[in-house]
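Participant: build me a model from this:
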Amino acid sequence: MSDSDTRKIRNICILAHVDHGKTTLADHLIAATGGGVLHPKLAGKLRFMDYLDEEQRRAITMKSSSIALHYKDYEINLIDSPVLRQSWIEKVTPCLVLNKIDRLICELKLSPMEAYNRLLRIVLEVNGIMSTYKSEKYLSDVDSLLAGPAGEVCDENLESIEDDEEDTFQPQKGNVAFVCALDGWGFTINEFANFYASKLGASTSALQKALWGPRYFNPKTKMIVGKKGIGGGSKARPMFVQFVLEPLWQVYHAALEPDGDKGTLGKVIKSFNLSIPPRELQNKDPKILLQAVMSKWLPLSDAVLSMVVKCMPDPVSAQSLRISRLLPKREILDKGADSNVFAEADLVRKSVEACDSSPEAPCIAFVSKMFAVPTKMLPQRGPQGEILNNFTEEALYDPLRGESMQKHVQEAELHSLYLMMGQGLKPVTCARAGNILAIRGLGQHILKSATLSSTMNCWPFSSMAFQVAPTLRVAIEPSDPADMGALMKGLRLLNRADPFVEVTVSSRGEHVLAAAGEVHLERCIKDLKDRFAKVSLEVSPPLVSFKETIEGDISNTLEDLKLFSSGSDYVEKMTSNGRCTIRVKVMKLPPMLTKVLDESADLLSDIIGGKLGQSAKSLEMHTSSLTENESPIEVLRKRIFDALESDFLCGNENDKDQAEKSKGKWFKYLRRIWALGPRQVGPNILFTPDYEMENDDGTILIHGSPYVSLRLGLADNSSANDIVAITSSELTQTIYGEAESLESSLMSGFQLSTAAGPLCDEPMWGLAFVVEAYISPSIVQAGDSEPNQLSEQYGLLTGQIMTAVKEACRGAVLQRKPRLVEAMYFCELNTPTEYLGPMYAVLARRRARVLKEEMQEGSSLFTVHAYVPVSESFGFADELRRWTSGASSALLVLSHWEALPDDPFFVPKTEEEIEEFGDGASVLPNTARKLINAVRRRKGLPVDEKVIQHATKQRTLARKV
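Facilitator: Have a look, this model is predicted:
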């Protein structure tokens, strides 16, 4: 297992949208290099990687599959995936394949020059998308260089930054392929450069640079010149048009057009010495003749796989780029940790980085996905099939902790190793570093992913990052209650087999299945019924999540802050025994601050919980890079400050003084963050009360402590110490201790209220609360009543305060004009001109908001961008295809949360409103009210509506003559 063998491995994944030709392209690669598992005649028709009946029926890929190919001396592991992963976060090297080039000739009827301009625009657009990902990394790299010592800015660093400015995809570099997977042909610039090098008397490297871009061939001087080198009146074409596209157009016209010159095909066959069977040349079907010529002239597999070998890194080279993502360096907080353990863990990391296959190196593997394979499909092995025993499986493992403290370490025996061949498996006895393989025997140990290691002292691999979260949720239950055990077993198997599925139990006891979309959900339900549970199921309508907030405008922030700071606008509640008075004030948070808190939930959980070692991993999902000198807390604090500044600058562009005053007041409030909610990390804030508001009537104010502000470094300990000193000097220690012990009850009431709002028990969104709790001393302070006080304190008063705080927070929200918040999809639609009317009708029925529309250059397609509510998105794609006869396509991506402007409690009051809507009794429920009522019915909450039980009917009485 030498290093040279590892350098001849390539791991590739075909990523594209639905119907872009992923599986057809994979078929041609398998037919050419798959060892005879697929005949070339069936390539593109069999869809070898789509082995499920549902995939064949729908003609789309639903589950990813892998196969091992052999191209020349290289081993290529190919994965056909239905989902576009976040390749930028995973730090993989991309290549670009432009498929369906034949449609430019046959359907759009473009000339070679028009086709070149279209291809040039597509490559520029893709590079523009990639540059947006690079921009954050580029800026952070520049900042880190400028922040470092002057002597550290060396030429190598400057060269690396300059390299980032180059386009990712450049056909002249060979990382762009132009293919037609349906007809089985494809090419890169290299193929034509090698062919024309001898004919034009130029070097291959010079032709590679000249065959893309504004380069022209002067036939008189036989030189390659720029645009200035040709005459102004000449009709010269770029070399890519003249030497690449025009021969392709000539072959297509000769083969498909009735009046085509068949001699052109003979010239191509003779020039390139193609061996085509006579029966195919004499075939009366022009499509078969065209495929025979093109697949021999420009073989698809050679073009794509040669690009893979040349432009994609081998495992040894790739590990050096991806090691920071796979095994990020950990910060060692425990100074007393065993140095030998840390040294071995560091050795393991270096072995992974070097892709070391030597016998002395530790054996490490990452389990990225669990496959459910029927036992009858496993290859039968002989006695030598039991291999690689006594490995250790780790998840959430810290090698610096003692073995007795490990809760997620198991020893597992690996039964067999297999190469994945689409649906089948090929047994192997060993596999060297850098390969992709299947392992049998871990089903009882791993839920979704894990790290396998031959040593205990190994850091776990970072988990995979998914592009979107599973948002479509349904409740499922068996048709026969006696089958509940089988359903629960099936859900466990499905949860292991599909990395994108989430199975949870709701607060009402329902089994909730979350999937990525309608097709994914349908596939999961079918797997449950037919494979895993094998019982009949009842599936509920989709469960849509909402949020609850209050009305607010960023332009009125200063007025809201003044109202929030005053002691007049509050909701007051009292506990049942009358000992505690609760006053609650509420205000809406700035939108960007709410977004930062929501996106940083995992990081906040680590910081507030004290898990600083895992903070960098959580932060990596939101930022492209993190310098060594910056801690995650500093980065998060900077994001919070930047969010506030952007909010106030956007909302108060005309009044800079008002923006500065608002920002200053908010920075003061950030020093008083007591807790976040719900679940301690949500986008709602509980501030500590203002200590100057304390009453003089003998009641005691529960102060709280700015715990979150202290953890985030927004406040110091001086203010908290001052409060303790003042209070302990003025109040008795007993009463102060009672008030301090009730702080947790107050915070629990806040968590309960933010987890279930007043409209429909949905979580609150973007709200700031101040809770002032005043405790009065007991009527009896001495002697016999002390046990009763203790029982009241620990048994009754704590619960009463929780209930009172919860009701007061909900009442404060109702008082400040509550609004419903719904999730929004960003929708991109491509529609021909004649179907714009039906498309807009579908969008209008779905309450969509159109952002922009533009016509694609060089085509009759319109691109429309819109926001579609998630609650209205179910069945959207099917309805769109039905109304546009399949001509329109839509791409939905979860975008943001947006408050509905409708007031759910609207009642007409003014004369104009009464004239338009009628009196209050005849007003129909608006959209917000309908959504709230639907959620309340689903949850079993009371709904304020009129139900007609005995309506007057028209009765026809029969007359007896």
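Participant: which helices and strands sit right next to the longest strand seen in the chain?
Facilitator: With DSSP state E setting the assignment, residue counts place strand 818-832 as the longest strand in the chain. Of the remaining helices and strands, those touching strand 818-832 by 3 or more C-beta pairs under 8 Å, 6 or more residues apart in numbering; DSSP states H and E are strand 546-550, strand 861-869, strand 889-899, helix 927-939. All C-beta atoms are positioned from the backbone trio N, CA, C, and that covers glycine.
Participant: what comes up buried for the host helix or strand of residue 306?
Facilitator: Counting by DSSP states H and E, the element that carries residue 306 is helix 300-311. Applying a neighbour-count criterion of 16 or more other C-beta atoms under 10 Å, one finds 300, 301, 302, 303, 304, 305, 306, 307, 308, 309, 311 buried in helix 300-311.
Participant: how about the contacts made by the closest residue to residue 492 other than its chain neighbours?
Facilitator: Using C-beta to C-beta, 6 or more residues apart in numbering and skipping the chain neighbours, the partner closest in space to residue 492 is residue 503 (7.7 Å). The contact partners of residue 503, by C-beta atoms under 8 Å, 6 or more residues apart in numbering, come to 491, 492, 494, 495, 511, 512, 513, 514.
Participant: list the beta-bridge partners for the nearest residue to residue 511 once chain neighbours are set aside.
Facilitator: Taking C-beta to C-beta, 6+ apart, and ignoring the residues beside it in sequence, residue 511 has residue 476 as its nearest neighbour in space, at 5.6 Å. Beta bridges link residue 476 to residue 511, residue 539, judged by DSSP bridges.
Participant: for residue 476, which residues are in contact?
Facilitator: Contact analysis of residue 476 by C-beta under 8 Å, 6+ apart lists 487, 511, 512, 513, 525, 528, 537, 538, 539, 540.
Participant: from residue 470, how far out is the third one?
Facilitator: Which is residue 512. 10 Å (C-beta to C-beta, to the nearest Å).
Participant: just the second one next, same as before
Facilitator: According to C-beta to C-beta, residue 511 and residue 470 sit 15 Å apart.
Participant: so where is the stretch 701-850 of the chain shaky, pLDDT-wise?
Facilitator: Judged by pLDDT under 70, the stretch 701-850 of the chain has its weakly predicted residues at 717-733, 735, 778-796.
Participant: could you chop this protein up by domain?
Facilitator: The record, using the TED database to delimit domains, assigns the chain the ranges 6-93+312-330+337-387+412-453, 103-143+168-298, 472-539, 556-613+629-721+729-777+796-816, 822-939.
Participant: chain center to the first one: distance?
Facilitator: Averaging C-alpha coordinates over domain 6-93+312-330+337-387+412-453 and over its chain gives two centres that are 22 Å apart (C-alpha atoms, centre = their mean, to the nearest Å).
Participant: do the same with the third one
Facilitator: Computed by C-alpha atoms, centre = their mean, the chain-centroid distance of domain 472-539 equals 22 Å.
Participant: for the record, mean pLDDT for that domain?
Facilitator: The average of the pLDDT scores along domain 472-539 is 87.
Participant: stretch 944-954 too?
Facilitator: The average pLDDT for stretch 944-954 rounds to 65.
Participant: could you do stretch 70-77 as well?
Facilitator: What stretch 70-77 shows for mean pLDDT is 87.
Participant: for it, measure first residue to last.
Facilitator: Across its full length, stretch 70-77 reaches 9 Å between end residues, using C-alpha to C-alpha, to the nearest Å.
Participant: now do stretch 31-45
Facilitator: End-to-end span of stretch 31-45 (C-alpha to C-alpha): 11 Å.
Participant: list the buried residues of that stretch.
Facilitator: Neighbour-count burial for stretch 31-45, counted by 16+ other C-beta under 10 Å, picks out 31, 32, 33, 34, 38, 43, 44.
Participant: all helices for the stretch 451-600 of the chain, in order.
Facilitator: 484-497, 518-527, 557-565, 591-599 (DSSP state H, counting those that start in this stretch).
Participant: what sits up against the longest one?
Facilitator: What it means is helix 484-497. Among residues not part of helix 484-497, those counted as contacts by C-beta under 8 Å, 6+ apart are 370-372, 443, 446-448, 476-478, 501-503, 511, 513, 524, 527-528, 532-535, 537.
Participant: list buried residues within the residues you listed.
Facilitator: Buried members of the contacts of helix 484-497, counted by 16+ other C-beta under 10 Å: 370-371, 446, 448, 476-478, 501, 503, 511, 513, 524, 527-528, 532-533, 535, 537.
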